[in-house]
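S.K.: Sequence and predicted structure below; questions after.
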Amino acid sequence: MDFSSNLRPHSETIAAMFKATFTASEGAEEGTLIGDLARRLMAETPPDALRVFTAWDGGALVGAILFTRLVFDDPRTAFMLAPVAVATDRQGEGIGQALITHGLDLLRSEGVDIAVTYGDPAFYRRVGFVPVAEGTIPAPHSLQHPEGWLGQSLQEAPLTPLKAPASCVAGFDDPRLW
């Protein structure tokens, strides 16, 4: 398996995989929502606020993750991991975990301080995320599932509270996503 962060020639393939993966697991409406979100994030987010990592096997896209910048009234840098997709016929092989670990390692090497995500705690704990209260890491919008708000320090420093308010990139500035 090969990892890549070369977004431009593959953005439509990446968006299509998000749509297909979420359609298979959550239904057509969610698939369209997440496919459109991925497309919008890749097209509209400034390069310094977006990291896209993909996994390829034999020339086929088998996984993709996006990290987008979260901004706080705090000097530390934070990125949010979302969405995450693995090709439906390749799920359960550890591709998602390997891809997330790869992405977190690259963010760590860039000096990013904190990573957060909003999803299934059982899955994301496998790659170092722990539940965090909104008092520790404020969310940009009200959370429908606060138990899914997770974070981790990417540096040697402990995960201490970030100062509110929080803001996200334009693609995530939609309460339906929270």
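M.R.: Received it, and whenever you're ready, just let me know what you need.
S.K.: what residues does the strand or helix carrying S25 touch?
M.R.: Here S25, judged by DSSP states H and E, is contained in helix 11-26. For helix 11-26, the surrounding residues in contact (CB atoms under 8 Å, 6 or more residues apart in numbering) are 7, 30-39, 42-43, 52, 54, 61, 64, 83, 85-88. Yep, even glycine has a C-beta here, placed from its N, CA and C like the rest.
S.K.: Over to stretch 48-58?
M.R.: In this structure, residues lying in contact with stretch 48-58 by CB under 8 Å, 6+ apart are 1-7, 10, 14, 41-42, 61-69, 79, 86, 90, 95, 98-99, 102-103, 106-107, 169.
S.K.: and the contacts of helix 11-26, which of them are in helices?
M.R.: When the contacts of helix 11-26 are checked against helices (DSSP state H), the matches are E30, G31, T32, L33, I34, G35, D36, L37, A38, R39, M42, A43.
S.K.: If any of those are buried, put those into a ChimeraX selection.
M.R.: Listed next is the ChimeraX selection for buried residues among the ones in helices among the contacts of helix 11-26, using 16 or more other CB atoms under 10 Å:
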select :31,33,34,35,37,38,39,42
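S.K.: Tell me the secondary structure at the nearest residue to D2 once chain neighbours are set aside.
M.R.: In space, and not counting its chain neighbours, D2 is closest to W56: 4.8 Å by CB to CB, 6 or more residues apart in numbering. Secondary structure, DSSP: H, G, I helix; E, B strand; the rest coil: W56 is strand.
S.K.: neighbours around W56, how many?
M.R.: 15 (other CB atoms under 10 Å).
S.K.: I'd like to know how far the residue with the largest distance to the centre of the chain sits from M1.
M.R.: Within the chain, the residue lying farthest from the chain centre (CA atoms, centre = their mean) is G58, at 24.3 Å. Counting by CB to CB, to the nearest Å, the gap from G58 to M1 is 9 Å.
S.K.: Could you give the backbone dihedrals for I114?
M.R.: Recorded main-chain torsions at I114 are phi -140, psi 140, according to degrees, to the nearest 10.
S.K.: Would you confirm that it contacts L154?
M.R.: Yes. Using CB atoms under 8 Å, I114 is in contact with L154, at 6.3 Å.
S.K.: so what's the residue nearest to V71 when sequence neighbours are not counted up against?
M.R.: Leaving aside its chain neighbours, V71 sits nearest to S167 (4.8 Å; criterion: CB to CB, 6+ apart). Neighbouring residues of S167 by CB under 8 Å, 6+ apart: L70, V71, F72, P140, D173.
S.K.: Understood, closing this out.
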